[in-house]
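Colleague: give me the fold of what follows.
(one chain, ligands or ions: 1)
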Amino acid sequence: MVRLSPTRKLDVMRPVLKCEDCGDVLYNPEWSEFLGEGQVRHAWRCEACGCRFETTFRLEAA
Ligand SMILES: [Zn+2]
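Modeller: Numbering: from 1, shown residues only. Modelled structure (predicted):
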């Protein structure tokens, strides 16, 4: 029987965040917004405890 393991590559490429409140792992931001000058803001909502927070990061020029 072949057992598929989760790919590490996906883990690295996806924005992954831990809930500041309960520590649950969030995989998909609720929405994302481009702020200009390569900056992106993600808004997150934890499904486990319902808390919300935002993160901002700068995209590296390709
Ligand atoms: Zn939470």
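Colleague: make it CA atoms for all contacts and neighbour counts henceforth
Modeller: Fine.
Colleague: hmm, which helix or strand of the chain has the shakiest average pLDDT?
Modeller: The weakest-scoring helix or strand in the chain, judged by mean pLDDT, DSSP states H and E, is helix 8-13 (a mean of 50).
Colleague: after that helix, next one along is what?
Modeller: Next along the chain after helix 8-13, taking DSSP states H and E as the criterion, comes strand 17-18.
Colleague: near the ion at all, that following strand?
Modeller: No. On the criterion C-alpha under 5 Å from the ion, strand 17-18 is out of touch with the ion, staying 7.9 Å away.
Colleague: likewise for stretch 45-53?
Modeller: Yes. Contact of stretch 45-53 with the ion (C-alpha under 5 Å from the ion) involves 46, 49.
Colleague: and that stretch, how far apart are its ends?
Modeller: Using C-alpha to C-alpha, to the nearest Å, the end-to-end distance of stretch 45-53 comes out at 7 Å.
Colleague: any idea how far it is from the middle of the chain?
Modeller: Mean-position distance between stretch 45-53 and its chain equals 13 Å (C-alpha atoms, centre = their mean, to the nearest Å).
Colleague: also stretch 36-56?
Modeller: That offset, for stretch 36-56, works out to 8 Å (C-alpha atoms, centre = their mean).
Colleague: same thing with stretch 51-62?
Modeller: From the chain centre to the centre of stretch 51-62 is a distance of 9 Å (C-alpha atoms, centre = their mean).
Colleague: so which helix or strand takes in the nearest residue to Leu35 once chain neighbours are set aside?
Modeller: Nearest residue to Leu35, sequence neighbours excluded (C-alpha to C-alpha, 6 or more residues apart in numbering): Arg41, at 6.9 Å. Taking DSSP H and E as the definition, one finds Arg41 inside strand 39-45.
Colleague: having no further points to raise, I will conclude here.
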